[in-house]
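> Sequence and predicted model, in that order:
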Amino acid sequence: CSNTLSGTDNKKDAAAQPSGISVQSFELIDLNGKDIYPGEELAAVIRVINAGQQIAENISLELLVPEILLLQSSTQITQPLKSDLPGIENTDISIYGNNAQISQLAPGQEVTVEIPLKVIGQLNQDITSKVSLALNKNNPGAAIIDETFFTVFGVAPYERDEIPIIGLHAIEDRIEIPIELSTYNFDVLCKTLKSFGFETITFTDLLNHLQFGRVLPQRSVIITSDDGFADLYTNAFDVLKKYDYKMTVFIVTDFIKENDKERVTNYFDSSRAVPMRPMLIWPEVKEMDQYGCEFLSHSANHIHLGLATDVKFKEELAKSKKDIEEHLKKPVLFFAWPYDNTDPAKIKLLTELGYVGAVRYGGGIETVSTLDLKEIKRVEFNSLIAPHTYTTYLELHSVSIDGRIKQPEVKKGEEFVLEYKIKNDDEWNLEITSMELELPDWVSLEGLEQKSYTTQYPGKKDGVFMWVSDKYIIEPGSQASMNLRLIANSSAKGAVKFRISAYNGYIEADPVQLEIN
């Protein structure tokens, strides 16, 4: 949202008012100049003009406001007027709640009325509503003459905390190198994300959450692509629209041309063994931007920014930022390092360039509560990842495994119990095909407690204990405990590892450390 949330020229309504009074504009102003959040102050700003031939008196304005807006205290002001008529130098404006009264207006005179409003203090979801305006409501023929819509963004913690930020490149029907992803597999990726309830957000959404607490979908994902290949428009765009998804594209701006005749390929990669693909053009970028996709900087010429001089670093990012902002009229606050060639020493230059964050290509799944804006991690994604493992590779499930030793102290030669709790917070059954246990060679498995999820003694292969079945099912919101009876046969240090096989991949518990004195 901009500072002025809405405004309408209402000269057409002047004829409907017998006195010649007309509302020239009606706007809802966010006083902090940014998005609207709970507890913020607004102002309904109404510009009224007397387009008639006679002095108008006792002009009334009435706002109809939704419940999420609170009316501020009453006030009365005197506003000076410019007039050639004697005695009409000022007008009194009285504001009582949602009503404003203008004492008088001479022909051709206009006044601006500001009615203060405040957003209620507790909202945990986004709400779009409207404010309506009536002029001289009690006069014959008067009606609601204007309305303005606004959105209040809810504030809530991101309880899941983890957020996969997926790093892609080209999306081609037929790939030539592993870093590309086929259109079919991109569809599988989006379908998998959707089936687990994930919704796409942008880096702007993420920044608004970090700065203002703006509510995010509780299963949020950011889909990104580097460079700006034309296949994002020809192939990926239809898939995004199919799932009501958006993506963030880090573009190399000097290679994004104005029209198809000028279109170029990624010849910045000509020294590497990669295919030459056509790049996006600005009309395609604008169409995707209008849909909801986000375009950010990947430098102007795809150089090794980490190896560049400070002067060249600033030149590349300043030019790229300027090009995107001039074409899309939106601020560019993040960039992604080309070649993932980073230099921590250059981070200090970001503020003077107008950036707030830098994005790596790899690093793994990001955690919102510990996120470093200057080094945002992504999950590398390519055609080497089998589609049936997308769920576990991106950790889309809500399955947790916690291990603990029940005894306060473990002694050599004495039996102790190691408990693993497997909790299923997904909304469907968790089907486990195997459970696997790896012990140090100085620890032996004696058996399982009777209250364990299964009491069956496992098989063993290549030093790994394995329980294998198609009947290990944990219902939604439930948990199962594996209570292992173990004996440490030596004084030593080591770790016990445990994992389950589900969703065609492994879900691993954190290693449990043992120290036997």
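Okay, I see it. Please read these numbers as outputs of a predicted model, since none were measured by experiment.

> quick one: the helices in the stretch 101-250 of the chain?
Using DSSP state H, counting those that start in this stretch, the helices of the stretch 101-250 of the chain run over 183-195, 203-212, 231, 237-242.

> Can you say which of those is nearest to Ile29?
Nearest to Ile29, of all the helices of the stretch 101-250 of the chain, is helix 203-212, at 18.3 Å by CB to CB. To be clear about C-beta, it is placed using only N, CA and C from the backbone, and glycine gets the same treatment.

> Off-centre distance for that closest one?
Put simply, helix 203-212 sits 7 Å off its chain's centre (CA atoms, centre = their mean, to the nearest Å).

> coming back round to it: tell me which of the helices of the stretch 101-250 of the chain is the most buried.
Of all the helices of the stretch 101-250 of the chain, helix 231 has the most neighbours on average by mean count of other CB atoms under 10 Å, namely a mean of 22.

> What's the mean pLDDT across that one?
Mean pLDDT, helix 231: 98.

> helices or strands up against it?
For helix 231, there is no helix or strand it packs on, judged by 3 or more CB pairs under 8 Å, 6 or more residues apart in numbering; DSSP states H and E.

> Work out the gap between that helix and the centre of the chain.
Taking mean C-alpha positions (CA atoms, centre = their mean), helix 231 and its chain are 24 Å apart.

> try stretch 415-422
Here the centre of stretch 415-422 is set off from its chain's centre by 39 Å, with CA atoms, centre = their mean.

> these two touch, right, Leu350 and Pro344?
No - the criterion here is CB atoms under 8 Å, and Leu350 misses it with Pro344 at 11.3 Å.

> More neighbours: those two, which one.
Taking neighbours as other CB atoms under 10 Å, Leu350 and Pro344 compare with Leu350 leading, 20 against 10.

> The helices of the stretch 101-250 of the chain: which one's closest to Asp402?
Nearest of the helices of the stretch 101-250 of the chain to Asp402, taken as CB to CB: helix 183-195 at 25.6 Å.

> Residues touching that closest one, excluding its own?
Residues outside helix 183-195 that contact it (CB atoms under 8 Å, 6 or more residues apart in numbering): 166, 168, 171-173, 181, 200, 221, 223, 231, 235-236, 239-240, 242-243, 245, 381, 383, 387, 390-391, 394, 396.

> And the residues you listed, which of them are buried?
Listed as buried from these are 166, 168, 171-172, 181, 200, 221, 223, 231, 235-236, 239-240, 243, 245, 381, 383, 387, 390-391, 394, 396; burial here means 16 or more other CB atoms under 10 Å.

> mind listing which of those are in strands?
Ile166, Leu168, Ile171, Glu172, Leu181, Thr200, Val221, Ile223 (DSSP state E).

> just curious, which of those is nearest to Val359?
Ile166 (11.8 Å).

> pLDDT wise, what is the closest one at?
98.

> Quick check on Val252: phi, psi?
With angles defined as degrees, to the nearest 10, Val252 sits at phi -90, psi 100.

> Nearest residue to it in space, please, no chain neighbours.
Sequence neighbours aside, His302 is the residue nearest to Val252 in space, at 4.5 Å (criterion: CB to CB, 6 or more residues apart in numbering).

> In a strand, that neighbour, correct?
No - counting by DSSP: H, G, I helix; E, B strand; the rest coil, His302 is not found in a strand; it is coil.

> all numbers from here: first residue = 47
Sure thing, new numbering starts at 47, so read that last one as His348.

> bridging residues for Asp76?
Leu88 (DSSP bridges).

> Does it touch Glu86 like I think?
Yes - at 6.8 Å, Asp76 counts as touching Glu86 under the criterion of CB under 8 Å.

> neighbour-wise, which of those two wins?
Between Asp76 and Glu86, counted using other CB under 10 Å, Asp76 has the larger neighbour count: 21 against 17.
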